[in-house]
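Novice: show me the folded form of this:
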Amino acid sequence: MTQMVTTRKIFGKGAQSVFTKILLQIIAKRGNTLWVAKGQGNNQLDSLMLIGFDTAKLKNETVVTVCSTLNSTFTSIFTDYAMAGSNDKFKHMVSLTIKSIKEYFGRN
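Specialist: Down below sits the predicted model:
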């Protein structure tokens, strides 16, 4: 495990902030959870799954990616992708959504 930083960052303005960010990056690289979302009052976060998509053009195809949460603290995620033609992005989004849901229920 490594973490690189330039001397300009170490001796420049805001060095304490830089050191804090480096420490957080090292902690995250070790697999620790940095932050956990907590509900207030009657919020029901225990059975909530967040899901997001992104697309990017790659030559004649589109890469459709998904990232979804798998637990109530949003610290465990599922990611996947599909290569889509220009007219079948939605079909792949549906397929990736189903994969995400199956993974969620497989863990919960």
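
Novice: so where is this protein shaky, pLDDT-wise?
Specialist: Along the chain, segments meeting pLDDT under 70 span 1-3, 37-46.

Novice: so which residues of it form strands?
Specialist: In the chain, the strands defined using DSSP state E lie at 51-58, 61-69, 77-84.

Novice: OK, contacts around Lys57?
Specialist: Shown in contact with Lys57 (C-beta atoms under 8 Å, 6 or more residues apart in numbering): Val63. To be clear about C-beta, it is placed using only N, CA and C from the backbone, and glycine gets the same treatment.

Novice: all numbers from here: first residue = 47
Specialist: I'll keep to 47 as the first residue from here, and by that count the last item is Lys103.

Novice: quick one: it and Ser146, what's the gap?
Specialist: Separation of Lys103 from Ser146 (C-beta to C-beta, to the nearest Å) stands at 23 Å.

Novice: what residues sit buried inside stretch 135-143?
Specialist: Using 16 or more other C-beta atoms under 10 Å as the test for burial, stretch 135-143 gives Lys135, His138, Met139, Ser141, Leu142.

Novice: swap that for stretch 55-72, sorry
Specialist: Of the residues in stretch 55-72, Lys55, Val64 count as buried by neighbour count, 16+ other C-beta under 10 Å.

Novice: in CSV, list the C-alpha atoms belonging to that stretch.
Specialist: Provided in CSV are the C-alpha atoms of stretch 55-72 (Å, rounded to 0.1, in the frame of the first residue of the first chain):
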residue,chain,number,x,y,z
LYS,A,55,1.8,20.0,-1.0
ILE,A,56,3.6,19.1,2.3
PHE,A,57,5.2,22.5,2.8
GLY,A,58,2.5,24.6,1.1
LYS,A,59,-0.6,26.3,2.6
GLY,A,60,-3.1,24.0,4.2
ALA,A,61,-0.6,21.2,4.9
GLN,A,62,-2.7,20.0,7.9
SER,A,63,-5.7,19.5,5.5
VAL,A,64,-3.4,17.6,3.1
PHE,A,65,-2.2,15.3,5.9
THR,A,66,-5.8,14.6,7.0
LYS,A,67,-6.8,13.7,3.4
ILE,A,68,-3.8,11.4,3.0
LEU,A,69,-4.7,9.7,6.3
LEU,A,70,-8.3,9.2,5.2
GLN,A,71,-7.1,7.7,1.9
ILE,A,72,-4.8,5.2,3.6
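
Novice: many thanks, we can stop here.
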